[in-house]
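Sequence first, then the predicted structure, then my questions.
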Amino acid sequence: MSGLLLAFGDAVPARRQLLMARAQRLRAPNRLDRVESHAAAGFFACAINSPATAAVASDASAALVLYGALHRDGAADAGGDAAYALERFRRAGVDGLCNLDGSFVLALAEQATSGGAAARLTLVADRIGSIPCYWRVDADGTLLAATECKCLFDDGAVPPVSRLGVLNTLLFGRVKLTRAPLFAGIAPLDPGSTLTMTAGGSPRARTYYVYREREEAETGAAIPAEEGAQVLRRVVAARLARHERVAIGLSGGIDSRMLLAAVDPADYHKVLAVSFGMADNDESMLARHVARTLGVPYRDIELTPAHFVDHAESAVRVSEGQDLFVQGYLSYVTERLARDEGVDAMLDGMEVGVSLGGDYLKDEFADVRADELPGYVFRRFYVHRDPPAAVFLDDAPAAADRLVGDVLAQVADVPSVYHKLDWLYIECYTREVMRLRHRLVRKRLAALPVPADRAYLALVSGVPARRKAGRRFQLEVLARLDARLLDVPYHGTMLPLTVPRARWPEGAETIRRWEALCQDVWRAHRVRVPFAHYYTNFAEWLRADPLVRQLVGDLLLGDDCRITRQFVRRDWLRRIVREHADGEADHRSSILYALGTELFLRQFGDPGD
């Protein structure tokens, strides 16, 4: 793993040994990571560099530490990213840092006089916060900031777990309606924000970027699909420029095939298309078809239940609690890519689909009134089938109302339901889920988020939400990038994308009927007919695989289950596990978030607030 720890304040020199010990918690076991540190009067920075890197640049009056990477056209100059960022600061102040493109957290320590103690510290997060950073102020006035919460706790101290944070995960799963970590007393450095603190003062936060759909997108000329294709080509080329071999996760879906199609054929030698899932599943078959059509090198990594179970605890420990269990396979996949394929970085198509695809934007939104929106958001993103009163022990409904209300208050001035929900997905899905997914990737590889640049975000915000809906604009862009890929079937329907949209429900219904038949055979005869439509079918594994069933039993059905003591009703949890195992209903989401939360509480302790 890699990461960054920063400290600012008069007490820093006396605490340097303790700070170094805290920074070592970022080190991956059994690996010699490179340590980059900088210390001055009142300022300390230490990074563990592997695979993400930190760099330091300084002059007589300031020091700048940049963790991550800037995305600049052309080759990097000899001075590196930190020197480039410091020069931008010299030209335009903090605004110059806010206009940088890339995935990074940076810290600028300014001195009051040449050679004097640090008098002001400014932290800057990139526009989507692709590298999580958290901070707290200790009793002695020291500001501590780190890319992992565990660096902010004293040795031997039990991290204080946030009850509201745990409820957010259990209620809404992957859509995070609060950026706060699952630990109390720690604040997030928000995406697109700065945090400034002067010596002896208090921290002050400022937001410099908030996603909003541009007003002119409604009334001005429509953005041509060709412009969208050009932006994607430039962004992808910038990601590939600094790496020897980059893996692109390829499910065969629209998102990932569009990302792969944006690669310049001249760069195919450094690209590896990778599909990971069950053997001979539909998505791997389609991914091979896409890669073969383009002539891109391709690998298939088979996943089994053991890969999820074996890496579950590690995934929770690295991610520190968000999107807890289902990402465990990334540890295995990235290890294989680094070791066997010489891959040093990874691109993910999922974030492109969330931000540009618009599959979440339905025509039914037009009928939702403003006063109905909180209830609609709750129903759409609530992960359980049962009402909260049947699931949770006490204050979950009130917590849900608070979370939904807080997030919608941020878009009270946005005129339409389409725009509000477009914002919610960019703000609460792309930013939160993707940056924590990137953290798991960064355990082995450099993560290369696409939405971190101004050009891409300008494209996303410039396309009206209604034009994104149903992936209309995305399909237009794909046609400009490589129209041959429209002939490859789409895994949501198993029909080519050239088929009229009116026939898509027909294909989806055929898939649904086959899954229902497999479940009927299981219910009637306890014979498992593998259903391999999804890249990895958790529903089937939770129902029939002995290893996964044992994990569910050990974590959720025993008397020592933490979440049934404080959060969910024991009778409800046991019922949904039984119903899923019997094939009566599909409760995969509820069970997976329960598993992840239980693993988190067993590692970090019970809530104290």
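Received it, and whenever you're ready, just let me know what you need.

Next one: Asn49 from Gly3, what distance?
9 Å (C-beta to C-beta, to the nearest Å). Where C-beta positions appear, they are placed from N, C-alpha and C, glycine not excepted.

who's more crowded, those two?
Gly3 (28 against 17; other C-beta atoms under 10 Å).

any idea how far Arg402 lies from Asp300?
Counting by C-beta to C-beta - Arg402 and Asp300 are separated by 44 Å.

For the residue nearest to the spatial centre of the chain, which non-adjacent residue is closest in space?
The chain has Met434 as the residue nearest its centroid, 1.6 Å off, counting by C-alpha atoms, centre = their mean. Leaving aside its chain neighbours, Met434 sits nearest to Glu351 (4.7 Å; criterion: C-beta to C-beta, 6 or more residues apart in numbering).

quick one: secondary structure of the one you found?
With DSSP: H, G, I helix; E, B strand; the rest coil as the basis, Glu351 sits in helix.

Just give me the neighbour total for it.
Residues near Glu351, counting by other C-beta under 10 Å: 28.

That one contacts Glu432, correct?
No - using C-beta atoms under 8 Å as the test, Glu351 is too far from Glu432 to be in contact (11.2 Å).

before we move on, back to that, helix or strand right after the host helix or strand of the residue nearest to the centre of the chain?
In this assignment (DSSP states H and E), Met434 forms part of helix 431-441. The helix or strand immediately downstream of helix 431-441 is strand 446-447, counting by DSSP H and E.

any idea of the mean pLDDT in that next one?
Mean pLDDT, strand 446-447: 88.

Mind listing what's buried along the helix ranked longest in the chain?
In the chain, ranked by residue count with DSSP state H as the criterion, the top helix is helix 504-525. Buried residues in helix 504-525, counted by 16 or more other C-beta atoms under 10 Å: 504, 507, 511, 515, 518-519, 522.

ditto for stretch 566-583
With burial defined by 16+ other C-beta under 10 Å, the residues of stretch 566-583 counted as buried are 566-569, 572-573, 575-577, 580-581, 583.

Now the two most distant members of the residues you listed.
Of all pairs drawn from the buried residues of stretch 566-583, the widest gap by C-beta to C-beta lies between Gln566 and Gly583 and measures 30.3 Å.

For the longest helix of the chain, enumerate the helices and strands it packs against.
Counting contacts by 3 or more C-beta pairs under 8 Å, 6 or more residues apart in numbering; DSSP states H and E, helix 504-525 is packed against strand 495-496.

Which residues does the strand it packs on contact?
By C-beta atoms under 8 Å, 6 or more residues apart in numbering, the residues outside strand 495-496 that reach it are 486-490, 503-504, 506-507.

pLDDT averaged over whichever helix or strand Leu144 is part of - what is it?
Element membership for Leu144 (DSSP H and E) is strand 143-146. Mean pLDDT, strand 143-146: 94.

now stretch 383-397
pLDDT averaged over stretch 383-397 gives 89.

repeat for stretch 335-347
The model assigns stretch 335-347 a mean pLDDT of 93.

what do you get for stretch 257-274?
In this model, stretch 257-274 carries a mean pLDDT of 95.

in that stretch, what's buried?
257-263, 270-274.

Which of those residues fall within helices?
Using DSSP H, the members of the buried residues of stretch 257-274 that fall within helices are 257-261.

Let me know the closest of those to Asp554.
Leu259 (38.3 Å).

Which residue is the nearest non-sequential neighbour of that closest one?
Gly349 (4.3 Å).

so the one you found makes contact with Ile248?
Yes - with contact defined as C-beta under 8 Å, Gly349 reaches Ile248; the gap is 7.2 Å.

Against which helices or strands is the helix holding Met434 packed?
Partner elements for helix 431-441 (3+ C-beta pairs under 8 Å, 6+ apart): helix 305-319, helix 329-341, strand 345-348, helix 350-352, strand 446-447.

and if we set it to 7 Å?
helix 305-319, helix 329-341 (3 or more C-beta pairs under 7 Å, 6 or more residues apart in numbering; DSSP states H and E).

Centre of the chain to the helix or strand containing Asp406, how far?
Element membership for Asp406 (DSSP H and E) is helix 396-409. Between the centre of helix 396-409 and the centre of its chain there are 22 Å (C-alpha atoms, centre = their mean, to the nearest Å).

Tell me where the model's unsure across the stretch 151-300 of the chain.
By pLDDT under 70, the low-scoring segments of the stretch 151-300 of the chain are 155-156, 158, 215-221, 279-280.

re earlier: test my guess that the residue nearest to the centre of the chain contacts Leu448.
No - when contacts are counted by C-beta atoms under 7 Å, Met434 is not listed as touching Leu448 (11.2 Å).

picking up where we left off before, let's have the helices and strands packed on helix 431-441 in JSON lines, adding mean neighbour count and distance to Val499.
Output for these, formatted as JSON lines (neighbours: other C-beta atoms under 10 Å; distance: least, C-beta to C-beta, whole Å):
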{"stretch": "helix 305-319", "mean neighbour count": "20", "distance to Val499": "34"}
{"stretch": "helix 329-341", "mean neighbour count": "19", "distance to Val499": "32"}
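
Ala54 reaches Val35, doesn't it?
No - Ala54 lies out of contact with Val35 (C-beta under 7 Å); the separation is 9.6 Å.

Looking at those two, which has the bigger crowd around it?
Ala54 (28 against 16).

With adjacent residues omitted, what lies nearest to the more buried one?
Ala47 (3.3 Å).

ok, Ile254 - contacts?
353, 357, 471, 474, 478, 490 (C-beta atoms under 7 Å, 6 or more residues apart in numbering).

With Gly357 as the reference, measure out to it.
Ile254 is 7 Å from Gly357, by C-beta to C-beta.

re earlier: wasn't the residue nearest to Ala54 part of a strand?
Yes - applying three-state DSSP, one finds Ala47 inside a strand.

i'd like the first residue to be 24 from this point on
Got it, first residue is 24 now, which makes that one Ala70.

Tell me, how many residues neighbour it?
27.

Which strand residues bridge it?
Note on Ala70: beta-bridge partners by DSSP bridges are Leu27, Glu59.

Report the secondary structure state of Ala228.
From three-state DSSP, the assignment for Ala228 is strand.

is it true that it touches Leu218?
Yes - Ala228 lies in contact with Leu218 (C-beta under 7 Å); the separation is 5.2 Å.

So for these two, which sits in the more crowded spot?
Leu218 (21 against 14).

who does the helix or strand that contains that one pair up with?
For Leu218, the host element (DSSP H and E) is strand 216-221. Using DSSP bridges, strand 216-221 pairs in its sheet with strand 141-148 (antiparallel), strand 227-230 (antiparallel).

Dump the C-alpha coordinates for the following helix or strand past the longest one into PDB.
When you say that, I think you mean strand 141-148. Moving toward the C-terminus from strand 141-148, the next helix or strand (DSSP H and E) is strand 157-160. Taking Å, rounded to 0.1, in the frame of the first residue of the first chain, the C-alpha atoms of strand 157-160 are listed here in PDB:
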ATOM      1  CA  TYR A 157      -8.900  12.900   6.200                       C
ATOM      2  CA  TRP A 158      -7.900  15.300   8.900                       C
ATOM      3  CA  ARG A 159      -8.200  16.200  12.600                       C
ATOM      4  CA  VAL A 160      -6.800  18.800  15.000                       C
END
